[in-house]
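Enquirer: this one's sequence-less:
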């Protein structure tokens, strides 16, 4: 059986995973790691193939995604690791994801680092994954499928550092005057950081800065402070200059 363990708050990771899976034999069952109501205590079998797909948050696996993946029992299932980043750098995301899954009992067989449109500064990597990305990711998927079917059982070598880089500070979106208290953001917040009784209130200690609330608000009422967005935009315009390409890492 094939599974996708998916943490995609704003859709970029989901689009990338879909492109990768299109070149990999199906069918697939998706486990939504952003769904607080989903059960994460799942057990897999040695013959299963699992794609674990997460965005890179400041060069790290989102802590909430790592926590939920850690609740699973791999039991020797083959894992393919996908980290998606906004054209700056993915730094230690893949090695942290590898360590998380290995500790949970998975065998990490391949890794992919792919670019998608930035969730905070959408003009960075705008429109990605684009047609060229999807074609390349589909080809990656076929290579991964062949590798999983082959005899190679060696560990995959992934870029990154241990210990991992320190996590950066978060940015908490706030509700503006256009908020109509519909509760969409509270229902779909992966961390449960938004008060369902008063969606204009956000618990900053629980918010993981995933930007889902901003992306799904029907009134576009949730925003980051303008000076913060300006500073991030200026930094990323320099750090994420030029088109970075997707990368594939296979076990030997």
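Expert: Yep, that arrived. Everything numeric in this text was worked out from a predicted model, so none of it was measured.

Enquirer: what sits against the residue in the chain sticking out farthest from the centre?
Expert: Checked against the mean C-alpha position of the chain, the extreme residue using CA atoms, centre = their mean is residue 177, at a distance of 30.5 Å. Contacts here follow CB atoms under 8 Å, 6 or more residues apart in numbering; on that basis residue 177 touches residue 221. For every residue, glycine as well, the C-beta is placed using N, CA and C.

Enquirer: host element of it?
Expert: Taking DSSP states H and E as the definition, residue 177 sits outside all helices and strands.

Enquirer: Adjust the sequence numbering to begin at 536 for everything that follows.
Expert: Sure, I'll start counting at 536 from here, so that last one is residue 712.

Enquirer: Tell me which helix or strand in the chain has the weakest average pLDDT.
Expert: For the chain, using mean pLDDT, DSSP states H and E, the weakest element among its helices and strands is helix 761-774, scoring a mean of 84.

Enquirer: Residues in contact with it: which ones?
Expert: Outside helix 761-774, the residues that touch it by CB under 8 Å, 6+ apart are 621, 623-624, 653, 655-656, 658-659, 706, 758.

Enquirer: Let me know the closest of the residues you listed to residue 596.
Expert: Ranked by distance to residue 596 (CB to CB), those are led by residue 624 at 14.2 Å.

Enquirer: So the closest one: helix, strand or coil?
Expert: coil (DSSP: H, G, I helix; E, B strand; the rest coil).

Enquirer: And for it, nearest residue in space, chain neighbours not counted?
Expert: In space, residue 624 comes closest to residue 594 once its chain neighbours are excluded; the distance is 6.2 Å by CB to CB, 6 or more residues apart in numbering.

Enquirer: show me what contacts the one you found?
Expert: Shown in contact with residue 594 (CB under 8 Å, 6+ apart): 624-628, 699-700.

Enquirer: re earlier: and the least confident helix or strand of the chain, how far out from the chain's middle?
Expert: Averaging C-alpha positions (CA atoms, centre = their mean, to the nearest Å) puts helix 761-774 21 Å from its chain's average.

Enquirer: Skip ahead from it and say which helix or strand is next.
Expert: Scanning forward in sequence from helix 761-774, with DSSP H and E defining helices and strands, the next element found is strand 782-785.

Enquirer: helices or strands next to that following strand in the packing?
Expert: The helices and strands touching strand 782-785, judged by 3 or more CB pairs under 8 Å, 6 or more residues apart in numbering; DSSP states H and E, are strand 642-650, helix 666-684.

Enquirer: Direction included, what does the shortest one pair against?
Expert: Just to be clear, that refers to strand 642-650. strand 613-620 (parallel), strand 782-785 (antiparallel) (DSSP bridges).

Enquirer: And for the first one, what's in contact with it?
Expert: Okay, so that is strand 613-620. Applying CB under 8 Å, 6+ apart, the external contacts of strand 613-620 come out as 547-548, 551-552, 555, 583-591, 596, 625, 628-629, 632-633, 636, 641-651, 679, 683, 691, 693.

Enquirer: Test my guess that residue 558 contacts residue 680.
Expert: Yes - distance between residue 558 and residue 680: 7.1 Å, which falls inside the contact criterion (CB atoms under 8 Å).
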